[in-house]
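Trainee: heads up, no residue letters with this:
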């Protein structure tokens with residue numbers, strides 16, 4: 001069974017891989033991960049932007 005930390009790490013890696021090829025909006029990312037939009041945005045996207053793993057341009061996120 002995965003711990004909460006391991007689940008978050010897997011989700012963060014998925015977000016990075018989704019944004020590496022083409023820029024995606026947070027709604028597209030949430031749909032592809034089958035997760036709530038607000039949860040994805042607040043728990044994963046903002047965290048990755050703060051750590052300089054993602055960059056936001058015109059409401060789309062892409063890997064730095």
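Mentor: That came through fine. In this text, all values refer to a predicted model and were calculated from it rather than measured experimentally.
Trainee: going by secondary structure, the closest residue to residue 56 other than its chain neighbours is in what exactly?
Mentor: Spatial nearest neighbour of residue 56, chain neighbours left out: residue 49 (6.1 Å); criterion: CB to CB, 6 or more residues apart in numbering. (Each C-beta comes from the backbone N, C-alpha and C, glycine too.) Per DSSP states H and E, residue 49 falls inside helix 46-50.
Trainee: so the residue nearest to residue 56 sits against residue 62, correct?
Mentor: No. Using CB atoms under 8 Å, residue 49 is not in contact with residue 62, being 10.9 Å away.
Trainee: now do the shared contacts for these two.
Mentor: Common contact partners of residue 49 and residue 62 (CB atoms under 8 Å, 6 or more residues apart in numbering): residue 55.
Trainee: just to revisit the earlier point, if I look at the residue nearest to residue 56, how far off is residue 6?
Mentor: 22 Å (CB to CB, to the nearest Å).
Trainee: contacting residues for residue 41?
Mentor: Residue 41 touches 26, 30, counting by CB under 8 Å, 6+ apart.
Trainee: three-state assignment of it?
Mentor: Under DSSP: H, G, I helix; E, B strand; the rest coil, the three-state class of residue 41 is helix.
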